[in-house]
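S.K.: Provided below are the primary sequence and the corresponding predicted coordinates.
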Amino acid sequence: MTFELAMRQFFGRKAYHIADLAGSTRSRNKWLRKALRKILKDVDDLDTSPRHKQMLMRELEEIDKALIGIEVPTWGLVFEFFSLCSRFLGYDFLQGARSNTPVYHQSLNQHYIQRWLEGRSALKNRREKKDAISVRIRLVKSLNAEGFDAFHIGLIMNMTEYQVKQLLGADRGRHVTRRSIGRSLRSRRSPSGR
């Protein structure tokens, strides 16, 4: 189960029900290498010093090499992951000193998405509606309940005030269909309104 949860951190629902693949060397290594490629791309986008980025990429490449042809994870692989963690936390030069300080930033949109996700378990209620419109309606209702007006909700959600009011109308008994909301969102994206 730990394998599946680790992969779901990177791939979400695409990695759902893969816990049994942890026992298959080929499948496990395929998923691990796929995660490493994703981490490499993320590291490449980091705003850090060239040396720090270089050292992070070097650690990732060492882990990738260690996974090739390995049947059973070794202590060497575990140590490579510890080394990678130390690099992410800013340790360098094998002196036990931090030469970089990690700083995390969260946009307002990410903040509200996190708050919404915090109320949910990773394994909770699979029958819940998962389509984009249902999620958007729940987020808009949540923001409205916190006291935000349609204009500010639109700013937070990157929507027009009209679209927000349509979604809030679904809460007040008005007939708002996914088709009408979808049309409204498409008209906002295309200048011709098609």
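M.R.: Perfect, I can see it now.

S.K.: which ones are touching Q9?
M.R.: By Cβ atoms under 8 Å, 6 or more residues apart in numbering, no residues touch Q9. Every C-beta, even on glycine, is put in place using the N, C-alpha and C of the backbone.

S.K.: Pull out the buried positions in the helix ranked longest in the chain.
M.R.: With secondary structure taken from DSSP state H, the chain has its longest helix at helix 25-45. Residues R28, N29, W31, L32, A35, L36, I39, V43 are the ones in helix 25-45 that count as buried (16 or more other Cβ atoms under 10 Å).

S.K.: Mind giving me the packing neighbours of that helix?
M.R.: helix 2-11, helix 50-67 (3 or more Cβ pairs under 8 Å, 6 or more residues apart in numbering; DSSP states H and E).

S.K.: Touching it from outside, list them.
M.R.: 3, 6-7, 10-11, 15, 18, 21-22, 53, 56-57, 60, 63-64, 67-68, 70-72.

S.K.: let's see it at 6 Å
M.R.: Under the criterion Cβ atoms under 6 Å, 6 or more residues apart in numbering, residues M7, F10, L21, A22, L56, M57, L60, D64, L67, E71 lie in contact with helix 25-45.

S.K.: For the last one, which phi and psi angles does the backbone take?
M.R.: Dihedral pair for E71: phi -90, psi -50, per degrees, to the nearest 10.

S.K.: Tell me the pLDDT of the closest residue to it other than its chain neighbours.
M.R.: Using Cβ to Cβ, 6 or more residues apart in numbering and skipping the chain neighbours, the partner closest in space to E71 is T25 (5.4 Å). With respect to pLDDT, T25 has a value of 87.

S.K.: distance of the closest residue to E4 other than its chain neighbours from A35?
M.R.: Leaving out its chain neighbours, the residue that sits closest to E4 by Cβ to Cβ, 6+ apart is A19, at 4.0 Å. Distance of A19 to A35, given as Cβ to Cβ, to the nearest Å: 15 Å.

S.K.: I am finished for the moment; much appreciated.
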